[in-house]
Each structure stands twice: as C-alpha cells, then as structure tokens.
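Enquirer: sequence unknown, structure follows:
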C-alpha cells in the first residue's frame, strides 16, 4: 500500500477500561402474612434478624449481600460482602466483581481495584485477558469467516497505484497515480509517494468496470486527491486532499498534511464550493470520509488529539443546515494502538474498515461490525471478513452494494498489476450469525407461568446490556445476542427469589432457549411439615453420647427461634434420634435428653414451653443401614444423630 496516503502521525494515548455498575429496580419484599392453611415466611429477613443476635455463617452473609446487590442497594451489600471477604476471602469470580462495585459505591476505589484484579485473575475476562484470549484463537475465527467472496481483477488496473473506490450512481470513482506526468517531479515530499487524482468508470452488470476517465476537473489538483464519498443524489462529495486550496498549507514542521474537503455541484453541473471541513487542522491529519446511509453522519480516519493509536476512525454528526458537530472517537472496540482507516458504511448499517491493529493475517485486513441501532458506540462484535477479501498483504477500501452483494476492494496482494489494484467481488454468504435468546419464566414448584418478571441480560463480565419483562404468557426475548457468547440472565419478581443463570448462545443462526424457574420468596408450610426443609436448616447433630448443643448447631437453632418468634401461634414437636450404637434402652434415654436439651435451649431463649413438645425416638428411624452389627464410618453414624422440628399447630 506504499502509493497511498494512509500513514498518519502517531499520537498514542493510554486506554482506560471502564466498568459499569449493575443497576436493578428495588423489589419490595412482602411482609409476613397471617397463616391460614399455609405460612408465608421471609427467609432473608430471618437471616438478618438472627445475625443481629450473633449467629452467622459464610453462606448467610453471601445471601444477604446478594439480596441487597440485586436490588441495587450497593452500600448495604458492601457491609455483608466486606464481612464475608474478611472471614472467607476465597470466593467465586462473580463475588469479586460485585464486591468491587459496592466498594466503588462507598468510594473505596483502591480496594475496588484489588477486587477487580482478583476477578480478572480468576475469570480471565478483564479486557486485557479477553483480548489475549481472542488473539490466541483469531486464526480459527478468520478461517470460519473465509471463503465467502469470489474475487477478480476489476479490469481497470495499471502498473501504477489504483485504489479507493466509491459508488456514484451507476459508476465508481477511484484514486489513481496514472497519467500524472513526470513522476520524478510529482512526489509528496513528506511520504515520498506519488500523487493521485480521481477517476471514474461505469459498472457493468457483472461488476466489471468500463472505460476510465478523469473525474471532476475542478476537484483534481497537482497534489493528492483520493477516497471520495458521495451523497445519493450525486450533488455533494466529501474527499481527501492535501492541505491545498488556492495555495499549499503546512504544519509547524513545514509538512503538508491531509484534510477532508466538501464540494457541491453548481447550476452548470460542475463541482464548486470546495471547502475544508471545520474539524480539519494544520497540526493533524483527517482522511478517507464515508457517509452513513441517512447521510447524517460522516466517518473518517484521523490522528487528531484523542486518537488511541497511529490513526483512528472517528465520526461527526451533520446537521440539517450542513453544520458539523464535534468528532467522536469510535472507541476501543474499533480502534487499537495500530492503524484503523478507510471506513465504509453499507446501506444495512454495517461498518467496514481496514486495520493492522486488530487480529489479521498480514498487513491491513478488512473488518466488519454493526452500527448500534441506538446510535451509541457500544459495538458488540468486530469480525475479520476472512480470505479471499483479506490476504497476507494490505487489503483496504472495501465497499459493497448491500442489495446485489457486489463490491470492490483494494489490495497490493501478489498477482496484481501495480502497487495497488482494485478487485471486484461477489459476497456468497453473510458473515453474521443471528441469534435470539428466549424462554419462559415459571414457578419452580407449581410450574405456573410468571408474567411481569423482570429479566436483565449481562455479558460475561457482568456488564448490563439489556432488560425486558415477561409477557402475559411468561415469555421473554433478547434479540441480537452474539453467537457462541456467554451471557448471564437475571430474573426477578417481587413474590420470588431472584435467580441468575448462565447461558451459552448457539453458534449458528437461530434461537437459544433458556427457561427459568423461580422459587417463591416465602416458604409455604403446613401441619406435619419439618421446618428444616423450608428454611434449609441444617439437621441438629450431636456428638457421640452427648446431648449438649454444639456451636455449629446454635446458628441453625437461631433460625428456628426466629421462625417461632415471627409466628406466635406455631407449635412444634422436637424429635431426636440416635445412631445404633449402645442398647435400645440407652439410646431411648439419650434421644430424650437430646430432644429436651433442644427444647430447653428454645425456652431459655424466650419460647413458651406450651408451644414445644419433645420426644426421643432412639434408633428406631435410622436414615441409613447402619444398624447393629453393620460396619459404618463415623460420618455415616453421625447422620443418624439428628433432630427434626415437626409443625403441630399453626
């Protein structure tokens, strides 16, 4: 690509990764309801109350922290996460991410950075680690995208540099160093490259180009002109030229840089009103303009302040009155520390560009991404278009007719006629894999549909992407998810416990199904139920020949205590069991003492004695085969030394 002006001045800056905080609407948790046939009990509030009385466990701390985090009460979540981390620092990767967000909420940015480093170490999904992972597999990705183009010489190439086509009605306009006189005298003093002018050629039905003629006499000068972009009516053109109008301009170092110019057709059909665009400068370069389909946005390459690498792609809004807004860098998804240049936007809002910083197969490669429909710079995927469009050499200036799938690309690949040549192509299949993530939200126990559930889609780094609500049939849908990508879906409803599930999207165009079952946030119990099953109370175990309450059992008895306090009409029968060792008589007495010790603990902590009964069942109801004469481990015997809490009245 040595005969084109694409080598822009290096102005490298440091890229800073941003982390967005997760935000959800706070769901009001229903209070305790009076019992009729069933009891409705808020387990989370139970955990908080027993914590205040001195009972806690890592699992409980995590659940309370998550409950606040899911409701966007980050400062409250921070309290529980901080205590959990202080006592149990080894957690799953998601914990470190969430903890970091709560630390930011309390303005502890230093510790937040430590947690993000842990998240990156454990997940490998920070931006740097992710980029390295993508680079390791990029050849396989390029191979998957290859073989989609039939490419041929366009038929207009010379031994000189021919490149940079643009559609203008039924013809193309391109740049060429042909027919420019004595090349030894027509060399750009900054780059040492030949100067180019604009030429045109009609497009035949098969995509070949016809007779070549000079284009726009008033547009061409003795310096560089290249890479035009035309409005659909053909009356306005944006193009690249050296800093030249009536006289040549220079920067502070006496170098003539590139600028983007605009011209319009006058009444005589001639190009006139040639003016440089207002975001040009004598101290940096702008080049290679491209228009959006609605002609309200101009894309271009530049090394202006704010550039991330040697040259970046920017955009600028065009007002209805022809004014221009402030240039915006397209961001780190597009731009790298290398060179990004030659943007083109198809009628389907696909952005093509050339880059030597994105993973490629040599020199400049062509890449594609979709412009976000909301006008943001949140580009979700940037794909190498693959071979044959790309080669081990420089490939650039890609344009395509979205309807016919025919277009042109410039390249200095082997087998060409000149330094750069123009190739015609036909795209034989699309590059995109289009997927929809869908499912139904239902009740885990009853299987009833749950309408109006809130669903939030997160990427694998837990950046919030989209949200929606399940419809009257419990159905939800997220469109435009990335094939093969990992996401997390969080489902919440005021009557249910929030659930978060991972999902891997399919790798071919279609739909990926993720049905979600939510557990009611209130426990439903009836007479005869064991409270331990509803509240996940661990079985109260006893040491061999002992009937005292162990410290680990006190945490779970505290849950039971809270349930009884919150439901003053509830009565329970405490049933204690032993293992098979010792005699039946001894075990009956031992189990009675264990049941009584549990009952006494509850009475001591404020429960009326008339609400409690106890009985010892000895070894009559073993949960395994560890009966007399059977050899069992201590752990197996331990399973039989337990207590149960059966509801006798509500």
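Expert: Alright, I've got the coordinates. Quick caveat: nothing in here was measured; it's all calculated off a predicted structure.
Enquirer: drop to CA atoms for contacts and neighbour counts, all remaining ones
Expert: Noted.
Enquirer: average pLDDT across the helix or strand residue 67 falls within?
Expert: In the assignment (DSSP states H and E), residue 67 maps to helix 58-70. For helix 58-70, the mean pLDDT works out to 77.
Enquirer: Mind checking what secondary structure the residue of the chain positioned farthest from its centre has?
Expert: Of all residues in the chain, residue 585 has its C-alpha farthest from the mean position, at 64.9 Å, by CA atoms, centre = their mean. The three-state label given to residue 585 by DSSP: H, G, I helix; E, B strand; the rest coil is helix.
Enquirer: Give me the distance between it and residue 624.
Expert: Distance of residue 585 to residue 624, given as CA to CA, to the nearest Å: 20 Å.
Enquirer: check contacts around residue 123.
Expert: Listed by CA atoms under 8 Å, 6 or more residues apart in numbering, the contact set of residue 123 reads residue 93.
Enquirer: for residue 210, same thing?
Expert: By CA under 8 Å, 6+ apart, residue 210 lies in contact with 155, 156, 201, 202, 203, 204.
Enquirer: Please apply the same query to residue 572.
Expert: Residues near residue 572 by CA under 8 Å, 6+ apart: 611, 612, 613, 645, 646, 647, 648, 649.
Enquirer: now residue 239
Expert: 225, 226, 227, 228, 229, 260, 261, 262, 287, 288, 289.
Enquirer: any idea how far residue 316 is from the fifth one?
Expert: In this case it means residue 229. 14 Å.
Enquirer: Show me which of the two is the more surrounded one.
Expert: A direct count of neighbours by other CA atoms under 10 Å for residue 229 and residue 316 places residue 229 higher, at 24 against 18.
Enquirer: in terms of contact, does that one touch residue 292 like I think?
Expert: No: here residue 229 does not reach residue 292: they are 10.0 Å apart, not a contact under CA atoms under 8 Å.
Enquirer: circling back to that earlier point, need the buried ones from the contacts of residue 572 selected in ChimeraX.
Expert: Restricted to buried positions by 16 or more other CA atoms under 10 Å, the ChimeraX selection for those reads:
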select :611,612,613,645,646,647,648
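Enquirer: quick one: which of the contacts of residue 572 sit in strands?
Expert: 612, 613, 645, 646, 647, 648, 649 (DSSP state E).
Enquirer: helix or strand for residue 594, which one?
Expert: Using DSSP H and E, residue 594 sits in helix 584-604.
Enquirer: And for residue 489?
Expert: Taking DSSP H and E as the criterion, residue 489 maps to strand 486-493.
Enquirer: Tell me which other helices or strands that strand touches.
Expert: Counting by 3 or more CA pairs under 8 Å, 6 or more residues apart in numbering; DSSP states H and E, the packing neighbours recorded for strand 486-493 are strand 454-459, strand 496-504.
Enquirer: do you know which of those strands lies nearest residue 161?
Expert: Nearest to residue 161 among those is strand 454-459; the distance by CA to CA comes to 44.5 Å.
Enquirer: hang on, the earlier thing: each with direction, which strands does the strand holding residue 489 pair with?
Expert: Strand partners for strand 486-493, identified by DSSP bridges, are recorded as strand 454-459 (antiparallel), strand 496-504 (antiparallel).
Enquirer: hey, which of the ones you listed is tucked in deepest?
Expert: strand 454-459 (a mean of 21; mean count of other CA atoms under 10 Å).
Enquirer: Grab the nearest non-local neighbour of residue 196.
Expert: In space, and not counting its chain neighbours, residue 196 is closest to residue 177: 4.4 Å by CA to CA, 6 or more residues apart in numbering.
Enquirer: so who does the one you found touch?
Expert: Shown in contact with residue 177 (CA under 8 Å, 6+ apart): 160, 161, 162, 194, 195, 196, 197.
Enquirer: Looking at pLDDT only, which of those residues scores worst?
Expert: For the contacts of residue 177, the weakest pLDDT value sits at residue 194, with 65.
Enquirer: Please work out the average pLDDT along the helix holding residue 594.
Expert: Average pLDDT, helix 584-604: 86.
Enquirer: Return the set of buried residues in that helix.
Expert: Residues 587-603 are the ones in helix 584-604 that count as buried (16+ other CA under 10 Å).
Enquirer: again, but for stretch 260-273
Expert: By neighbour count on 16+ other CA under 10 Å, the buried set for stretch 260-273 is 260, 261, 262, 263, 264, 271, 272.
Enquirer: which residues does the last one contact?
Expert: By CA under 8 Å, 6+ apart, the residues touching residue 272 are 218, 263, 264, 265, 266.
Enquirer: how far out from the middle of the chain is the helix or strand containing it?
Expert: In the assignment (DSSP H and E), residue 272 maps to strand 271-276. A distance of 43 Å separates the centroid of the chain from that of strand 271-276, by CA atoms, centre = their mean, to the nearest Å.
Enquirer: likewise stretch 423-437?
Expert: Offset of stretch 423-437 from its chain centre (CA atoms, centre = their mean): 22 Å.
Enquirer: Same question for stretch 427-438.
Expert: Mean C-alpha position of stretch 427-438 versus that of the full chain (CA atoms, centre = their mean) differs by 18 Å.
Enquirer: List of residues touching that stretch?
Expert: 145, 148-150, 385, 405-406, 475-483, 505-515.
Enquirer: Stretch 337-346 now?
Expert: Here stretch 337-346 has contacts from 6, 12, 288-293, 299-301, 308-313, 334, 351-357, 396-402, using CA under 8 Å, 6+ apart.
Enquirer: how about a cut-off of 7 Å?
Expert: Stretch 337-346 is touched from outside by 12, 288, 290-293, 299-301, 308-313, 351-357, 396-402, with contacts defined as CA atoms under 7 Å, 6 or more residues apart in numbering.
Enquirer: Can you tell me which of those are buried?
Expert: The neighbour-count test (16+ other CA under 10 Å) applied to those identifies 12, 288, 290-293, 299-301, 308-313, 351-357, 396-400 as buried.
Enquirer: can you tell me the average pLDDT over the strand holding residue 272?
Expert: 94.
Enquirer: Over to stretch 245-259?
Expert: pLDDT averaged over stretch 245-259 gives 79.
Enquirer: Now do it: distance from first to last residue.
Expert: Rule used - CA to CA; the end-to-end distance of stretch 245-259 is 11 Å.
Enquirer: May I see the buried residues of it?
Expert: Applying 16+ other CA under 10 Å to stretch 245-259 flags 255, 256, 257, 258, 259 as buried.
Enquirer: returning to that earlier point: turn the buried residues of stretch 260-273 into a markdown table, columns for secondary structure and distance to residue 560.
Expert: Shown next, in a markdown table, are these (DSSP: H, G, I helix; E, B strand; the rest coil; distance: CA to CA, whole Å):
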| residue | secondary structure | distance to residue 560 |
| --- | --- | --- |
| 260 | strand | 75 |
| 261 | strand | 78 |
| 262 | strand | 78 |
| 263 | strand | 81 |
| 264 | strand | 82 |
| 271 | strand | 87 |
| 272 | strand | 87 |
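Enquirer: closest to residue 490 among these?
Expert: residue 260 (47.2 Å).
Enquirer: Please report how far that closest one lies from residue 294.
Expert: 20 Å.
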